[in-house]
Structures are given as structure tokens and as C-alpha cells.
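Engineer: everything below, folded, please.
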Amino acid sequence: MSPASTTNDLTSLSMIFGLATDNASKAITQWTSGSISLALDDVCEVALEEAVPRLGIGDEPAAMIVLGIEGDLTGDIVLIFDESDAREMCAELTGQQPDFDSPWSELEQSALMETGNILGSAYLNILTRYLGQQLTPTPPYFVQDFGPSVLDQVLMPHAMTSETVFVSRTTFLRRDGKVLNGNVFVIPTTDLKDAMQTVIDG
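Structural biologist: Numbers count the residues shown, from 1 in each chain. Presented below is the predicted three-dimensional model:
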């Protein structure tokens, strides 16, 4: 099992994830016609059993997009939105009025999945450039469920190789400066995190 990262390691990794977040922010800003951007919120390594409470995932139902990271090095990307904020963002993207009472339409799901695809691709382009190894996102899929339940399922395979999990958390920001009630979690496997650390160490 990989040893836990030191404070210096996390600082260096935060710089890399900051660059990836900046690139993803540019892509999302263009995709949403300037209404939404991204800001890196936290980079941490925590015990698996402490991950969900540490990441502040509420118990209410959420709209989520889940993508895998493909390549020799793997991981997961999870977008978790408050239902109402996700509906409003989809309304902006589709040019329609938000309908908070009806089931999610195919158009709304498609808009949210494309948001995940654009974000994931922009994010991984930076990690690919940094590592010199191709990383690509899997096709995104839409989940409407309780956030802790979905995140627990995503984290479960990581328990095979480590007692801790490394997570980068990004926050969505609106053009007016208000925080969108949603986050992006990038969860590299131990092998991916270690590969990044190897590059840092030279």
C-alpha cells in the first residue's frame, strides 16, 4: 500500500490540480457562456472511512455525473449538484425554464453529462501533459441518488490498494460571485497519485 502523502507532497500536488482546475474552469466558462467558473477548494488525503464526512456531502438527494479515468493510470471524477441548482444550470444551457417538479428529461440529463464530459476532458488534458501519459474520461453517466451512497460506491475499489484516499475538491462559482451548490471530486487511484508524485520528485 502506498504511504500517506506528506504536507509538502500535498502542496506540490495542489499546484498540479490547481492548473488542471484552471483549464477546466476555462472550458466550463466557455460552455456556460460565462455564467459559471471553477475554483480549487481542497486537496486532501484522508482515511477511506472519513472521506464522505470530510468532503461535506449532505444526505439530501443530488444530481450527479460520474466519469472514470481511462489509461494506464486510472481514477474517478464525480460531479455532485444540489437538485435545484442543477436544474437551473441545465435551464441556462438549454434555454428552457427550469421545471423542479418533473422527472429529469433526456435533454437535461444530456446537458449535465456534456458538462461533465467537457470538464473531465479539460482536467485530464493537463494531467496528461504533466505526466506524459494519456488519460481520457470514460463516457459520463447521470445518477439521481443520495450523494454519500454514490460516493461510497466510487471509493470502494480504492480500498483494494490503500487505506486512504486522495481527493481534489473543486467548487462551482456563478458569474455574480455566488457559490453554486455543487462540487467536482477528482479521485485518482494510488498508482495515478504516485505517478504524479514521482514526477514532482524528479
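Engineer: and the strands in this structure, which stretches?
Structural biologist: Taking DSSP state E as the test, the strands found in the chain are 36-47, 61-70, 75-82, 136-137, 141-146, 164-174, 179-188.
Engineer: and the worst-scoring helix or strand of the chain on mean pLDDT, how far out from the chain's middle?
Structural biologist: Every helix and strand in the chain was compared by mean pLDDT, DSSP states H and E; the lowest is helix 51-54, with a mean of 83. How far helix 51-54 lies from its chain's middle: 15 Å, per Cα atoms, centre = their mean, to the nearest Å.
Engineer: over to stretch 173-187?
Structural biologist: For stretch 173-187, the distance to the chain centre is 11 Å (Cα atoms, centre = their mean).
Engineer: also stretch 54-73?
Structural biologist: 6 Å.
Engineer: then stretch 99-107?
Structural biologist: 23 Å.
Engineer: okay, it in CSV with CA atoms only?
Structural biologist: Only the C-alpha atoms of stretch 99-107 are listed here, as CSV (Å, rounded to 0.1, in the frame of the first residue of the first chain):
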residue,chain,number,x,y,z
ASP,A,99,-39.0,22.5,-14.0
PHE,A,100,-38.3,21.5,-10.4
ASP,A,101,-41.3,19.1,-10.1
SER,A,102,-41.0,16.9,-13.2
PRO,A,103,-38.6,13.9,-13.6
TRP,A,104,-35.3,14.7,-15.3
SER,A,105,-35.8,15.0,-19.0
GLU,A,106,-33.3,13.4,-21.5
LEU,A,107,-32.4,17.0,-22.6
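Engineer: go through it and flag the buried ones.
Structural biologist: The neighbour-count check on stretch 99-107 (16 or more other Cβ atoms under 10 Å) flags residue 104 as buried. C-betas here are computed from N, CA, C, even on glycine.
Engineer: got the contact list for that stretch?
Structural biologist: Applying Cβ atoms under 8 Å, 6 or more residues apart in numbering, the external contacts of stretch 99-107 come out as 63, 83, 84, 87, 90, 94, 96, 142, 144.
Engineer: tell me what the closest residue to the second one other than its chain neighbours is bridged to.
Structural biologist: Translated: residue 83. Excluding its sequence neighbours, the residue lying closest to residue 83 (Cβ to Cβ, 6 or more residues apart in numbering) is residue 63, at 5.6 Å. Applying DSSP bridges to residue 63 yields these beta-bridge partners: residue 81, residue 144.
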